[in-house]
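Student: Everything below, folded, please.
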Amino acid sequence: MLKEEYRQRVEGKVLEIVKTHPTIAAIRNGEAVTDLQLVGLERTLRQELHGENVQL
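Tutor: Take a look at the predicted model:
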C-alpha cells in the first residue's frame with residue numbers, strides 16, 4: 001500500500017513539473033535549451049522529488 005501511494009505521489013509531481021516547467025515547454029516546442037536551463041530543470045526535479053510532498 002505504501003509503495004503504491006509513494007509511486008502515485010512521485011508520478012503526480014513529475015506530471016506537474018512536465019506541465020509547468022519552462023525548460024520542458026521549450027523542449028516540447030522544439031526550441032534549443034541552454035545548459036543553464038537544463039541545470040535549472042535538474043534542480044527543480046531534485047527539490048521537488050526529494051521534498052516532503054513525495055515522502056511518506
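Student: Tell me how far Glu5 lies from Arg46.
Tutor: In this view, Glu5 and Arg46 are 21 Å apart by Cβ to Cβ, to the nearest Å. In short, each C-beta sits where N, CA and C put it, glycine included.
Student: burial of Asp35, as a residue count?
Tutor: For Asp35, the tally of surrounding residues (other Cβ atoms under 10 Å) stands at 7.
Student: ditto for Thr23
Tutor: A total of 19 residues lie near Thr23 under the criterion other Cβ under 10 Å.
Student: That one reaches Gly40, doesn't it?
Tutor: Yes. Between Thr23 and Gly40 there is a contact at 6.3 Å, judged by Cβ atoms under 8 Å.
Student: And the contacts of the strand or helix carrying Arg46?
Tutor: Under the criterion of DSSP states H and E, Arg46 resides in helix 35-49. With contact meaning Cβ atoms under 8 Å, 6 or more residues apart in numbering, helix 35-49 is reached by Val10, Lys13, Val14, Glu16, Ile17, His21, Pro22, Thr23, Ile24, Ala26, Val54.
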